[in-house]
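[1] Got a predicted model here, sequence first, then my questions.
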Amino acid sequence: MATKTTFTPEEWQVLMEGVMSSGMAVTAADPSGLWGLLKEGFANASALQTAKADPQSNELIKAIVTDFESSDGRKRVQDGLRKRFEGAKSGEVKTRAIETLRQASSVLAAKAPDEAASVRTWLRTVGERVAEAAPEGGFLGFGGVPVSEAEKATLSEISDALSIRT
């Protein structure tokens, strides 16, 4: 069974950034305005709490969530993401986020093959929750579609990056 100590600090950082990158990729694919952005951010945080409370979550997922609960863990992720996305133009944010997920998938395959499938699925679920958080294309939050075509395409890219066959 893989734990945090299974990974180097750099590999662990990639896994932590992968959690945030899943939601960031979806948000960057089809920005939803201020309220949509807030809802999508809340959905990302809510996915962490759901995983922590889920008795079916494996220990590696719970370790990742636990690290997000510490101020040091959150600061490391914020600093890492700031560095990773520094200078990114609007179209590059999604590309860099997808690449982060690809790296996380590789780390999981190499260091945690038994847990890789469940962690990859969870990372994709984070993106799905963000995509479903705010309707797209409506007026003042009314109407529109639950998940836009751009978000659906991004979820497909996330699946590919995580080696998930849908």
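    Arrived safely, thanks for sending.
[2] for the protein, what spans make up the helices?
    Using DSSP state H, the helices found in the chain span residues 9-29, 33-53, 59-69, 71-85, 90-111, 113-131, 149-161.
[3] Lowest average confidence across those, which one?
    With a mean of 79, helix 33-53 has the lowest mean pLDDT of the helices of the chain.
[4] Any chance you could list what contacts it?
    19-20, 22-23, 26-27, 31-32, 57, 61-62, 65-66, 68, 122, 125-126, 129-130, 132-136, 141 (C-beta atoms under 8 Å, 6 or more residues apart in numbering). Using the backbone N, CA and C atoms, a C-beta is placed for each residue, glycine as well.
[5] now with 10 Å?
    With C-beta atoms under 10 Å, 6 or more residues apart in numbering as the test, helix 33-53 has contacts from 19-20, 22-24, 26-27, 30-32, 57-58, 61-62, 64-66, 68-69, 119, 122-123, 125-136, 138, 140-141, 144, 151.
[6] Kindly provide the distance from the residue positioned nearest the centre of the chain to residue 103.
    Centroid check for the chain by C-alpha atoms, centre = their mean gives residue 22 as the closest residue, at 2.6 Å. Distance, residue 22 to residue 103, using C-beta to C-beta, to the nearest Å: 13 Å.
[7] If anything else comes up later, I'll come back, but that's it for now.
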